[in-house]
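> give me a model of this one.
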Amino acid sequence: MTRAARGVALALLLAGASFSSPAAAAEPQPTGLELAESVEALGIAESIDGIDLAASIVPLRQERTQGSITTVQISADVLFAFGAADLTPAARGVIAGVAARLRGATGEVSVTGYTDSVGAPADNLRLSQQRAESVRAELARAAGGVQIKAVGRGEADPVQPNTKNGEDNPEGRAENRRVEISFSGR
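Numbers count the residues shown, from 1 in each chain. Here you go, the predicted model:
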């Protein structure tokens, strides 16, 4: 099973983790362990292509608020196939949940794309810009006329190390592949 297929399958499994209203956003998100237990309870393989699902589950969506600015972080592995900027079918549902909240946004709305450190920095910067633009376009369509800017940052600003002790860190790289949507209001 490809990484894209795993992402789509996981997104469908976790559809309840995407939020469609501000009230639902207050609900706690399941932990990686809880998600892994759900995968096991549904009788889905514990590993795919040798990847331990329990160890590799990245939260579909995280949210943080600082002052009046809310930032929603979405895993790029759910939004896009590997190396691509076209949205997956699962991505549209996740983005629709965020778009509903943007209708009451005030001030600037921004979409920032990030990649991990695999590949040439210029390629990662270009890919992150294309991904940010794809999410911006879908948000604008779903939110109905909200002005949104898109920026690609490539491998800048990692949230986890791409390597640990000189070794590849797949879990960290997975967290670094993300799109962040920031807005004020609601």
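
> distance of the spatially closest residue to Thr106 that is not a sequence neighbour relative to Thr163?
Nearest residue to Thr106, sequence neighbours excluded (CB to CB, 6 or more residues apart in numbering): Gly185, at 4.2 Å. The way it works is simple: take the backbone N, C-alpha and C, and place the C-beta from them, glycine included. Separation of Gly185 from Thr163 (CB to CB, to the nearest Å): 38 Å.

> who has more neighbours out of those two?
Set Gly185 next to Thr163 and count neighbours by other CB atoms under 10 Å: Gly185 wins out with 14 against 11.

> isn't Arg136 right up against Val146?
No: the criterion here is CB atoms under 8 Å, and Arg136 misses it with Val146 at 10.0 Å.

> looking at the two, which is more packed in?
In this view Arg136 and Val146 are compared by other CB under 10 Å, and Arg136 has more residues nearby, 24 against 16.

> would you list the phi and psi of that one?
phi -60, psi -50 (degrees, to the nearest 10).

> likewise Gly144?
According to degrees, to the nearest 10, Gly144 has phi 70, psi 70.

> where do the helices sit along this protein?
Remark: helices assigned in the chain by DSSP state H are 3-13, 22-25, 32-41, 53-56, 76-79, 89-102, 121-143, 170-176.

> what is the rounded mean pLDDT of the second one?
For helix 22-25, the per-residue pLDDT values average out at 40.

> low pLDDT regions in the protein?
Where the chain drops to pLDDT under 70, the residues are 1-60, 186.
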